[in-house]
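*Asks:* Have a look; sequence and predicted model below, questions after that.
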Amino acid sequence: MIIAVASGKGGTGKTTVAVNLARMLGSHVQLLDCDVEEPNDHLFLKGSMREEEIVTTPIPQVDESLCDACGECSRFCQYHAIVSLKTKPLVFPEMCHGCGGCAKVCPKKAIREVPHRIGMVETAQANNITLVQGHLDVGAAMAPPLIRAVKARLQPACRDASFPGAGRNGVPAILDAPAGTSCPVITTIKGADAVVLVTEPTPFGLHDLKLAVNMVRELWIPFGVVVNRVGIGDDRVHAFCRQEGIPILLEIPDDRRIAEAYSRGELIVDALPEYRAYFERLGEALLERTSTDLHDASGVATPNASTFQR
């Protein structure tokens, strides 16, 4: 079972939900921090680093002794990562998507691909949680290749085949997605069994929740909503979810103690044991996803969607 935790905007509590759910989900779980531009799951998990690996993406390198400045490579590249204006090509690594097309179309075979570092993937162990996180290098512009490298660390087989929630990828996995609805988010949630959209009951929260809902529906991935900081705004988020038939999986009250625990780098379920039941219920509802959809991507609640409503 692969659960992606996403949000239409930053600051809604997406990471809070992801790390606390990981703590309560079971005896062994993978947590993949795919917010590679600003990973922070590790701030709440006291664990030991197991391995680090440099991640590269292929970029073109031109052999000027073979190049005749025909411009075929420049005409092929839709991202303008290689440009030839009747001169030897100029390469802009930060714009290259690593497709290799320029090397394929070069009639003189003057282009070859070389690795270009974009960041690192780190793996750590914190009690029952295996944390995998990506760190995009400063100045690197392409997050999706690094996110794919993080997701490539999903464990293919469960250590305990009888573990509840062990699905097609064995050990249950939680993907902490970047905020928003752009390419890095799409790369993260693609292939997930279900998406948890975290929002807040404010006009901004509702606006960006609608964007996130439209995104997930386009991908036809079952989803539900977690409303954080209930009590600070109004009921328009709840009204929207009722109107659209979207199940609200969890409501987290606006509790100053949660903010204080967060500021200290503590998990809610450890600092405030009364909230353990909240995330246990969320975990149980998500485990049921192996046999029941949270929400039909067409926008119509499934017959069993009430299973996930509180």
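*Replies:* Arrived safely, thanks for sending.

*Asks:* now the strand or helix carrying residue 259: how far from the chain's centre is it?
*Replies:* Element membership for residue 259 (DSSP states H and E) is helix 256-263. In terms of C-alpha atoms, centre = their mean, to the nearest Å, the gap separating the centre of helix 256-263 from the centre of its chain is 24 Å.

*Asks:* Next secondary structure after it?
*Replies:* Next in sequence after helix 256-263, counting helices and strands by DSSP H and E, comes helix 268-271.

*Asks:* Please identify the buried residues of that next one?
*Replies:* Using 16 or more other C-beta atoms under 10 Å as the test for burial, helix 268-271 gives 268, 269. In this view, the C-beta of every residue, glycine as well, is placed from N, C-alpha and C.

*Asks:* If you count contacts, what does it end up packed against?
*Replies:* Under the contact criterion of 3 or more C-beta pairs under 8 Å, 6 or more residues apart in numbering; DSSP states H and E, helix 268-271 touches helix 14-25, helix 256-263, helix 276-287.

*Asks:* Contacts for the second one next, please.
*Replies:* Taking C-beta atoms under 8 Å, 6 or more residues apart in numbering as the criterion, the residues outside helix 256-263 that touch it are 16, 252, 267, 268, 271, 272, 275.

*Asks:* on that earlier part again, can you convert the helices and strands packed on helix 268-271 into TSV and add a column each for distance to residue 235?
*Replies:* Shown next, in TSV, are these (distance: least, C-beta to C-beta, whole Å):
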stretch	distance to residue 235
helix 14-25	21
helix 256-263	21
helix 276-287	20
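
*Asks:* Give me whichever of these is most buried.
*Replies:* Among the helices and strands packed on helix 268-271, the stretch with the highest mean neighbour count (mean count of other C-beta atoms under 10 Å) is helix 14-25, at a mean of 25.

*Asks:* what's the angle from the worst-scoring helix or strand of the chain on mean pLDDT to helix 14-25?
*Replies:* Counting by mean pLDDT, DSSP states H and E, the chain has its least confident helix or strand at helix 276-287, which shows a mean of 90. Put simply, helix 276-287 runs at 80 degrees to helix 14-25, going by axes from the mean of the first three to the mean of the last three C-alpha atoms, to 10 degrees.
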